[in-house]
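Chemist: model this:
(one chain, ligands or ions: 1)
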Amino acid sequence: MVSLLATVLCLAVAPLATAYPKAEAVEARCGNIPSNYQPPSITTLPDPFTFINGDRVKSKRDFRCRQKEIAALFARFELGDKPAADSVKGSFANNILTVTVTNNKKSIAFNATITYPEKGKAPYPAIITLGYPNIPKLDGVAFINFPNDQIAGQIGASYRGQGLFYELYGKNASAGSLTAWAWGVSRLIDALEETRGTKINVEFIGVTGCSRNGKGAFVVGALDDRIGLTIPQESGTGGSGCWRVADATKAAGTNIQTAAQIITENTWLSQRFDPWTTKVSSLPIDHHLLAGLVAPRGLLVIDNDIDWLGPTSTAVCMGVGQLVYKALGETDAFGYSDVGAHNHCLFPDSQKPQLEAFVKKWLFDKEVDTDGVFVTSRNITLTDWYKWKVPRLY
Ligand code: MCU
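Modeler: Below you'll find the predicted structure:
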């Protein structure tokens with residue numbers, strides 16, 4: 001078991017400011033992918049620091065631009081598009097926030113129940129949960145239940161296009177369920193921002209979910225800069241695992257979920273992903289870059305030693321993802337913790353101190369040591385999986 005902790009001081013910021021740097025605006029050209037773009041084949045994990053036109057990322061600002069490109073690549077090759085909406089309205093009564101979204105003269109509405117902490121002080125930081133929370137209660141933190149299955153179903157691969165998202169954008173919308181959920185959480189945050197009386201501090205929002213909902217939580221955090229702490233739990237392949245590493249693990253004889261299997265099981269991903277699942281080395285992205293989209297915001301990846309989830313794949317994938325935080329000089333915002341020997345989605349007590357530390361730091365803006373959390377029982381050699389240089393961008 002590797003656990004490395006070093007102390008880093010975090011500068012105090014004014015109340016109500018986010019603990020992480022707000023994303024800078026970038027030029028409109030960032031994220032434009034030529035329509036005829038053909039990604040090259042690469043068996044190792046693609047370089048976060050080189051644009052598809054070959055230019056190197058030389059500054060934090062360049063990296064913001066590359067993040068737009070990475071998000072556009074995820075949309076084009078794996079996740080589908082996360083659309084905008086014409087308007088969002090919130091209303092709040094009996095601890096339920098009703099979110100009404102209108103687009104193209106059609107409207108949908110969903111309810112999110114807010115559970116307030118017994119202790120603590122309003123306005124409360126909040127963790128949005130996809131499904132019921134599988135992490136323990138946290139002092140002073142509200143939990144907001146996001147009804148992800150209503151927004152986009154996850155009943156099985158033949159049930160594509162079901163849920164409120166598709167009522168608004170059509171059954172043939174490119175978004176898979178994970179992207180539709182990300183859209184829904186963004187609209188929930190829009191509603192929180194404009195609704196009085198919720199007693200939620202919108203500057204300190206986290207997101208979590210376990211297993212399939214952990215895949216969702218990761219994508220939600222990657223696609224909305226207002227989320228300060230992303231906690232994907234036991235998300236496995238399609239979450240904290242990498243497609244390439246999963247295929248290699250499967251080829252070596254382990255029963256692990258792969259791209260080719262995942263599209264036969266459910267509607268989590270866009271149908272745009274289908275043709276790539278038999279040639280994942282031709283994808284210009286992999287899931288280390290999902291961590292790269294969350295950076296420099298807080299990311300605590302909780303995993304479990306179950307073959308199907310791919311504990312080697314997730315350790316390699318997140319180990320390489322951590323290099324983005326290193327390049328940005330923000331290693332205290334990243335944690336990976338794989339503790340096994342417990343049932344799927346049963347959060348073990350031994351992970352609680354890490355969770356509490358990340359919550360204190362990224363949802364309460366307290367000075368806490370969160371640097372260098374990387375726990376795995378797997379023997380991994382990261383340099384087998386990436387062939388690029390990690391620049392110093394800070
Ligand atoms: C880890 O998440 C999924 C997994 O991808 C599926 O293959 C399996 O069927 O279900 C897991 C899950 O969501 O368990 C609750």
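Chemist: Using CSV, list the CA coordinates for stretch 336-354.
Modeler: The C-alpha trace of stretch 336-354 is given here as CSV (Å, rounded to 0.1, in the frame of the first residue of the first chain):
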residue,chain,number,x,y,z
TYR,A,336,-6.8,8.5,-5.5
SER,A,337,-7.7,5.9,-2.9
ASP,A,338,-8.4,2.2,-3.7
VAL,A,339,-9.1,0.3,-0.5
GLY,A,340,-10.4,-3.3,-1.1
ALA,A,341,-12.0,-6.1,0.9
HIS,A,342,-15.5,-4.7,1.2
ASN,A,343,-18.7,-4.9,-0.7
HIS,A,344,-19.3,-2.8,-3.8
CYS,A,345,-20.3,0.7,-2.8
LEU,A,346,-19.9,0.1,0.9
PHE,A,347,-17.6,3.0,1.9
PRO,A,348,-15.0,1.7,4.3
ASP,A,349,-14.2,3.6,7.5
SER,A,350,-10.5,3.7,6.6
GLN,A,351,-11.2,6.0,3.7
LYS,A,352,-13.1,8.5,5.9
PRO,A,353,-10.1,10.6,6.9
GLN,A,354,-9.2,11.2,3.3
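Chemist: so the residue nearest the centre of the chain is in which element?
Modeler: Centroid check for the chain by C-alpha atoms, centre = their mean gives F218 as the closest residue, at 2.1 Å. Taking DSSP states H and E as the criterion, F218 maps to helix 212-222.
Chemist: can you confirm D139 is in a strand?
Modeler: No - under DSSP: H, G, I helix; E, B strand; the rest coil, D139 sits outside any strand and is assigned coil.
Chemist: What's the local residue count around it?
Modeler: For D139, the count of nearby residues is 12 (other C-beta atoms under 10 Å). Where you see a C-beta, it was placed from the backbone N, CA and C, and this is true even at glycine.
Chemist: ditto for T258
Modeler: Around T258 there are 21 other residues, counting by other C-beta under 10 Å.
Chemist: tell me the contacts of the closest residue to V88 other than its chain neighbours?
Modeler: With C-beta to C-beta, 6 or more residues apart in numbering as the criterion, V88 has its nearest non-adjacent residue at 4.2 Å, and that residue is D190. By C-beta atoms under 8 Å, 6 or more residues apart in numbering, the contact list for D190 reads V88, G90, V99.
Chemist: cool, and K119?
Modeler: Residues in contact with K119 (C-beta under 8 Å, 6+ apart) are D139, G140.
Chemist: Distance check, it against K137.
Modeler: Relative to K137, K119 is positioned 10 Å away (C-beta to C-beta, to the nearest Å).
Chemist: again with V219
Modeler: V219 sits 25 Å away from K137, taking C-beta to C-beta as the criterion.
Chemist: The two - which one has more neighbours?
Modeler: A direct count of neighbours by other C-beta under 10 Å for V219 and K137 places V219 higher, at 36 against 11.
Chemist: show me what contacts C30?
Modeler: Counting by C-beta under 8 Å, 6+ apart, C30 makes contact with R64, C65, R66, K68, E69.
Chemist: from those, which ones fall inside helices?
Modeler: R64, C65, R66, K68, E69 (DSSP state H).
Chemist: For the contacts of C30, which single residue is the most surrounded?
Modeler: Going by other C-beta under 10 Å, R66 tops the contacts of C30 with 25 neighbours.
Chemist: How confident is the prediction for that residue, by pLDDT?
Modeler: With respect to pLDDT, R66 scores 98.
Chemist: What of D139?
Modeler: On the pLDDT scale, D139 gets 97.
Chemist: measure it to the ligand for me?
Modeler: D139 sits 27 Å away from the ligand, going by C-beta to the nearest ligand atom, to the nearest Å.
Chemist: give the contact list for that residue.
Modeler: P117, K119, G120.
Chemist: State the mean pLDDT of the helix holding F218.
Modeler: Average pLDDT, helix 212-222: 99.
Chemist: for that helix, packing partners?
Modeler: On a contact count with 3 or more C-beta pairs under 8 Å, 6 or more residues apart in numbering; DSSP states H and E, helix 212-222 meets strand 124-130, helix 177-194, strand 200-210, strand 229-233, helix 288-294.
Chemist: burial count for the closest residue in space to T115 that isn't next to it in sequence?
Modeler: Leaving aside its chain neighbours, T115 sits nearest to F143 (4.7 Å; criterion: C-beta to C-beta, 6+ apart). By the measure other C-beta under 10 Å, the count of residues near F143 is 22.
Chemist: so F143 sits in a strand?
Modeler: Yes - applying three-state DSSP, one finds F143 inside a strand.
Chemist: name the element A85 belongs to?
Modeler: Using DSSP H and E, A85 is not contained in any helix or strand.
Chemist: cool, and T113?
Modeler: Secondary structure from DSSP H and E places T113 in strand 106-115.
Chemist: Only C-alpha atoms, please: export that strand in PDB.
Modeler: This file holds the C-alpha atoms of strand 106-115, laid out as PDB (Å, rounded to 0.1, in the frame of the first residue of the first chain):
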ATOM      1  CA  LYS A 106     -40.700  23.000 -24.400                       C
ATOM      2  CA  SER A 107     -40.300  22.600 -20.700                       C
ATOM      3  CA  ILE A 108     -39.400  19.800 -18.300                       C
ATOM      4  CA  ALA A 109     -39.200  19.800 -14.500                       C
ATOM      5  CA  PHE A 110     -37.500  17.700 -11.800                       C
ATOM      6  CA  ASN A 111     -37.300  17.800  -8.000                       C
ATOM      7  CA  ALA A 112     -34.100  17.600  -6.000                       C
ATOM      8  CA  THR A 113     -34.500  16.900  -2.300                       C
ATOM      9  CA  ILE A 114     -32.100  18.700   0.000                       C
ATOM     10  CA  THR A 115     -31.000  17.000   3.300                       C
END
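Chemist: what's the closest non-adjacent residue to the residue in the stretch 251-394 of the chain that the ligand sits nearest to?
Modeler: Here the stretch 251-394 of the chain gets closest to the ligand at one residue, Q257, 5.0 Å apart by C-beta to the nearest ligand atom. Using C-beta to C-beta, 6+ apart and skipping residues adjacent in sequence, the residue nearest Q257 is T237, 4.0 Å away.
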